[in-house]
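Asks: Got a sequence here, can you build the structure:
(chains A and B)
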Amino acid sequence: QKEVEQDPGPLSVPEGAIVSLNCTYSNSAFQYFMWYRQYSRKGPELLMYTYSSGNKEDGRFTAQVDKSSKYISLFIRDSQPSDSATYLCATSGTYKYIFGTGTRLKVLA
Amino acid sequence: EPEVTQTPSHQVTQMGQEVILRCVPISNHLYFYWYRQILGQKVEFLVSFYNNEISEKSEIFDDQFSVERPDGSNFTLKIRSTKLEDSAMYFCASTRLQDQPQHFGDGTRLSIL
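Replies: Predicted structure coming up:
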């Protein structure tokens, strides 16, 4: 079983749609949960960082963690063409981050 | 906003040659990391470094790899004898405290010929 699983997409949505991105993880010892955005030929850019179960909101982005089902989500409201990128989920128990494969998102104008 | 910077952005090297990838982490950060991303694959952890020593490394980080913080600002990854399969994007990351999020640079694209 992979440590972090993420649907690679691609996911295409019209501008203004609500986007839901999801990951599952296998190790209950993971404590930290991150979402990064990665544009082509760029490094991962931190979007959200959470520690506990529940929701965390930042502008148009909401991160959701359910530790009981080992499920993490990122919601993007009012999606924009500039949101088109690859979204990486990551978890961590110690020093290292373990990433999912990334979901490619395309928001159509 | 402070950022992690990496040089060069693209490095082309002959197989068997040594290569050094350079990173300048965010200035007040204490924990430093290298990750790699082979084209089309996930970002993979290589090594973490704190207080001038390796704190954790992956099975990828074998004897061909080494890291160093030669001064107060730089953090380097050396690959002693490059192989074709070392071709990848290499990302440096840093964080001030272990339980704070890691911030990544834009990477060095390493191409081994």
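
Asks: shaky segments in chain B?
Replies: For chain B, no stretch is flagged by pLDDT under 70.

Asks: which residue is nearest the middle of it?
Replies: In chain B, the residue lying closest to the centroid (Cα atoms, centre = their mean) is B:Trp34, at 3.3 Å.

Asks: So for it, what's the nearest residue that isn't a sequence neighbour?
Replies: B:Leu46 (4.3 Å; Cβ to Cβ, 6 or more residues apart in numbering or on different chains). To be clear about C-beta, it is placed using only N, CA and C from the backbone, and glycine gets the same treatment.

Asks: part of a strand, is that neighbour?
Replies: Yes: the assignment for B:Leu46 (DSSP: H, G, I helix; E, B strand; the rest coil) places it in a strand.

Asks: where does chain A have low pLDDT?
Replies: A:1.

Asks: Please, where are all the strands along it?
Replies: Assigned by DSSP state E, the strands in chain A fall at A:4-6, A:11-14, A:19-25, A:32-38, A:45-50, A:54-58, A:61-66, A:71-76, A:85-92, A:97-99, A:103-108.

Asks: List the contacts of stretch B:46-64.
Replies: For stretch B:46-64, the external contacting residues (Cβ atoms under 8 Å, 6 or more residues apart in numbering or on different chains) are A:94-96, B:30-36, B:44-45, B:65, B:67, B:69, B:75, B:77, B:79-81, B:83, B:90, B:98.

Asks: number of nearby residues for B:Asp71?
Replies: 7 (other Cβ atoms under 10 Å in any protein chain shown).

Asks: contacting residues around the closest residue in space to B:Asp86 that isn't next to it in sequence?
Replies: In space, and not counting its chain neighbours, B:Asp86 is closest to B:Ile112: 5.3 Å by Cβ to Cβ, 6+ apart. Counting by Cβ under 8 Å, 6+ apart, B:Ile112 touches B:Thr13, B:Gln14, B:Met15, B:Thr82, B:Lys83, B:Leu84, B:Glu85, B:Asp86, B:Ser87.

Asks: Show me which of the residues you listed is closest to A:Ala109.
Replies: For the contacts of B:Ile112, the minimum distance to A:Ala109 (Cβ to Cβ) is 35.0 Å, reached by B:Ser87.

Asks: quick one, what contacts the closest one?
Replies: Applying Cβ under 8 Å, 6+ apart to B:Ser87 gives the contacts B:Ile38, B:Leu39, B:Leu110, B:Ser111, B:Ile112.

Asks: For the residue nearest to B:Asp86, name its beta-bridge partners.
Replies: Note on B:Ile112: beta-bridge partners by DSSP bridges are B:Thr13.

Asks: Relative to chain A, how far out is it?
Replies: As judged by Cβ to the nearest Cβ, to the nearest Å, B:Ile112 and chain A stand 18 Å apart.
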